[in-house]
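Undergrad: Turn this into a model:
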Amino acid sequence: MAGAHKADASLAKGGSSIEAAFVEESGYHTLPSCRLYWSLDADVGVELIAKAMSRDTFEEILRFLPSTDNQALNKDQHISLDEAMIEYFATGTIRDNRIPKTCPINSTNEMKKVPRRDIDVVVDNIHKILLVCWKDNAVVSVVSNISPVYPLESLSRWSAKDKKKISVSRPYLIRDYNRHMGGTDRMDQNINCYCISIRMKKWWWPIFFWVIDATIQNCWLLHRVDESNLSLLSFKRYIARTYLQKAEPRLGIGRPRQSSLVIPDVRCDSIGHLVESLGKQAWKCALSSCKSRPSQGCMKCGVPLCVKCFANYHRRAL
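TA: Numbering: from 1, shown residues only. Sure thing, here's the model as predicted:
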């Protein structure tokens with residue numbers, strides 16, 4: 001396909017870096033339509049993006065990302081088509097009503113009757129999931145596919161019944177959960193502050209964009225070790241501007257276009273509309289009925305105009 005070859009050529013020239021920089025900028029510079037970033041209107045257009053990559057090239061790359069030949073897939077691989085499309089490793093608490101009734105683990109009510117520090121464990125060998133119920137001050141249910149039960153950790157707890165401190169054994173995965181709890185929530189909060197705003201029809205685009213956002217968020221956390229005062233917004237802007245400014249400026253930007261709209265209240269206010277020289281011939285006069293190529297225009301409206309069209313353009317009706 002010609003489009004695929006064009007996209008591959010753009011990627012080979014560093015288009016993927018520019019593409020990533022642009023989608024990241026959309027997280028803190030949000031517009032209702034992707035094409036508005038290439039608009040000539042001052043309130044929406046982004047010159048840095050327009051100079052780095054054309055709109056058509058950007059859309060062409062989006063069509064063919066990720067660059068994978070589905071006909072060349074290894075048919076011996078197991079491909080998941082259910083909800084678990086992305087394998088991940090985690091440890092977290094789980095409510096009783098989320099545990100299947102067929103699971104042989106003791107319920108919370110049953111665990112309340114056992115002595116403090118008792119542990120009940122169930123392992124799902126098929127899905128590699130570990131479920132643990134632990135009796136402390138209250139019953140804690142934790143599920144994990146990465147942390148083990150052992151080694152047990154001895155804790156000192158005050159016993160209201162015995163009126164003294166007692167030794168309580170705590171599973172390793174409970175310790176692991178307590179140490180890292182809240183990290184996912186903080187990551188989600190950071191990502192949602194400046195998440196990529198571009199929306200596509202393909203179902204996997206949110207996953208693809210989330211990976212980019214999560215990667216930059218993690219890089220920012222590592223960067224804060226040395227630069228603790230740099231905000232996430234400043235970090236993302238630095239990355240986006242660096243890749244966009246490093247891009248080789250486009251030589252041919254296509255046919256020069258006029259601004260899509262000069263607001264009538266500005267165009268017809270009869271204030272400050274002066275003729276200025278453009279220094280070269282424009283592509284076309286801003287008055288739609290005129291086909292000439294003027295070398296002067298309106299200083300306030302910022303459009304090329306013939307001398308004979310100047311007055312007609314600044315009237316209410318065009």
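Undergrad: so residue 35 sits in a helix?
TA: Yes. Under DSSP: H, G, I helix; E, B strand; the rest coil, residue 35 falls within a helix.
Undergrad: ok, now which ones touch the closest residue to residue 313 other than its chain neighbours?
TA: Leaving aside its chain neighbours, residue 313 sits nearest to residue 287 (5.0 Å; criterion: Cβ to Cβ, 6 or more residues apart in numbering). Every residue, glycine included, has its C-beta placed from N, CA and C. Residue 287 makes contact with 305-306, 309, 312-313, 318, according to Cβ atoms under 8 Å, 6 or more residues apart in numbering.
Undergrad: now do 7 Å
TA: Residues counted as contacts of residue 287 (Cβ atoms under 7 Å, 6 or more residues apart in numbering) are 305, 309, 312-313.
Undergrad: for residue 100, same thing?
TA: Taking Cβ under 7 Å, 6+ apart, one finds nothing in contact with residue 100.
Undergrad: Next, it: phi, psi?
TA: phi -60, psi 140 (degrees, to the nearest 10).
Undergrad: how close does it sit to residue 122?
TA: Residue 100 is 10 Å from residue 122, where distance means Cβ to Cβ, to the nearest Å.
Undergrad: before we move on, what about residue 270?
TA: According to Cβ to Cβ, residue 270 stands 81 Å off from residue 122.
Undergrad: Next: residue 172.
TA: For residue 172 relative to residue 122 (Cβ to Cβ), the value is 16 Å.
Undergrad: Residue 180 too?
TA: On the measure of Cβ to Cβ, residue 180 and residue 122 end up 23 Å apart.
Undergrad: re the thing from before, out of residue 270 and residue 122, which sits in the more crowded spot?
TA: Between residue 270 and residue 122, counting by other Cβ atoms under 10 Å, residue 122 is the more crowded of the two (15 against 8).
Undergrad: Just confirm that one is within a helix.
TA: No. Looking at residue 122 with three-state DSSP, it is strand, so not inside a helix.
Undergrad: Quick check: bridge partners of it?
TA: Beta-bridge partners for residue 122, by DSSP bridges, are residue 131.
Undergrad: Tell me the spacing between it and residue 130.
TA: Distance from residue 122 to residue 130, by Cβ to Cβ: 8 Å.
Undergrad: Now list whatever residues contact both of those two.
TA: Contacts common to residue 122 and residue 130, judged by Cβ under 7 Å, 6+ apart, are absent.
Undergrad: give me phi/psi at residue 45?
TA: According to degrees, to the nearest 10, residue 45 has phi -60, psi 140.
Undergrad: ok, now residue 201?
TA: phi -80, psi -30.
Undergrad: Also residue 145?
TA: phi -120, psi 20.
Undergrad: Just list what the longest helix anywhere in the chain packs against, helices and strands only.
TA: Ranked by residue count under DSSP state H, the longest helix found in the chain is helix 205-223. Helix 205-223 is packed against helix 16-28, helix 183-193, helix 232-246, with contacts defined by 3 or more Cβ pairs under 7 Å, 6 or more residues apart in numbering; DSSP states H and E.
Undergrad: can you list those in CSV and add mean pLDDT?
TA: Formatted as CSV, those follow (pLDDT from 0 to 100):
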stretch, mean pLDDT
helix 16-28, 72
helix 183-193, 82
helix 232-246, 83
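Undergrad: what about the helices in this protein?
TA: For the chain, the helices defined by DSSP H cover 2-10, 16-28, 47-52, 55-64, 108-111, 172-180, 183-193, 205-223, 232-246, 264-267, 310-313.
Undergrad: that older thread, what residues sit buried inside the longest helix of the chain?
TA: For helix 205-223, the neighbour count (16 or more other Cβ atoms under 10 Å) marks 209, 212-213, 216-217, 220 as buried.
Undergrad: could those residues go into CSV alongside distance to residue 53 and pLDDT?
TA: Listed next are the buried residues of helix 205-223 as CSV, based on distance: Cβ to Cβ, whole Å; pLDDT from 0 to 100:
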residue, distance to residue 53, pLDDT
209, 18, 86
212, 17, 87
213, 20, 89
216, 19, 90
217, 24, 90
220, 25, 91
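Undergrad: who's in contact with residue 298?
TA: 273, 305 are the contacts of residue 298 under Cβ under 7 Å, 6+ apart.
Undergrad: how close does it get to residue 287?
TA: Applying Cβ to Cβ to residue 298 and residue 287 gives a distance of 11 Å.
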